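Asks: Here's a sequence, model it:
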Amino acid sequence: MLNYQAFNDRLIAAVYTAYSSKGNYMKNRFKLFVGVTAMALSLSAFAKPALHTATIDQHGNIVAQSSPWIKSVSYATQKDYFATYKVLFNEGQFKKAPGFCSVSSIDTSDHERLFYGHAKLGGAATAEQVNVLGLMVGKRGASGDSSMSFQLACSN
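Replies: Numbers count the residues shown, from 1 in each chain. Sure thing, here's the model as predicted:
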């Protein structure tokens, strides 16, 4: 990652050199142009971080959020199959579908959830919502209740 302070120092040095040198007028103007262009193009690299995270418990309650980005979570379970969590984003949180979303099961409430519990995205996220599925993968017999706590992360 580019160090902002070092970049700024180099830009100031280039501008100073461009105006303090005598002769080579076109060369100095070119250096100034390149420096200003690089600064303008790098503004997006220093934009506010847009990674949003949340912890959601096995019943669909929001335990923690990095910022208030989730409006609500609706939870439903289908016994012996899966649990589904429909996570609705706050209105206007994402202007378009998030560029990246990831989910991880963090449920350690019992050994079965620890060993067999999986959380995965149930399709691509939209600008309004993302679906998360809770599954008990590899458990012998009926899976029972597949509800589980998970962490969700999405970014622009």
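Asks: give the contact list for residue 94.
Replies: Taking C-beta atoms under 8 Å, 6 or more residues apart in numbering, we find residue 94 in contact with 127, 154, 156. (C-beta placed from N, C-alpha, C; glycine too.)
Asks: what about 10 Å?
Replies: 50, 52, 69, 125-130, 154-156 (C-beta atoms under 10 Å, 6 or more residues apart in numbering).
Asks: In three-state terms, label it for me.
Replies: coil (DSSP: H, G, I helix; E, B strand; the rest coil).
Asks: How about the backbone phi and psi for it?
Replies: Per-residue torsions, residue 94: phi -120, psi 130 (degrees, to the nearest 10).
Asks: same thing with residue 114?
Replies: Dihedral angles (degrees, to the nearest 10) for residue 114: phi -70, psi -40.
Asks: Quickly note the distance from the residue nearest to it when sequence neighbours are not counted to residue 51.
Replies: Spatially, and ignoring its direct neighbours in sequence, residue 114 is nearest to residue 108 (5.2 Å; C-beta to C-beta, 6 or more residues apart in numbering). According to C-beta to C-beta, to the nearest Å, residue 108 and residue 51 sit 24 Å apart.
Asks: Ok, residue 126 next?
Replies: Applying C-beta to C-beta to residue 126 and residue 51 gives a distance of 18 Å.
Asks: Repeat that for residue 115.
Replies: Plainly put, residue 115 is 29 Å away from residue 51 if you go by C-beta to C-beta.
Asks: next one: residue 127
Replies: Going from residue 127 to residue 51 by C-beta to C-beta gives 17 Å.
Asks: ditto for residue 154
Replies: 8 Å.
Asks: Tell me where this structure has helices.
Replies: 4-20, 25-42, 111-116 (DSSP state H).
Asks: Among residue 154 and residue 51, which residue is more densely surrounded?
Replies: Between residue 154 and residue 51, counting by other C-beta atoms under 10 Å, residue 154 is the more crowded of the two (25 against 12).
Asks: these two touch, right, that one and residue 69?
Replies: Yes. Under the criterion of C-beta atoms under 10 Å, residue 154 makes contact with residue 69 at 7.8 Å.
Asks: what sits in contact with each of these two?
Replies: Overlap of the contact sets of residue 154 and residue 69 (by C-beta under 10 Å, 6+ apart) consists of 50, 52-54, 87, 89, 93-94.
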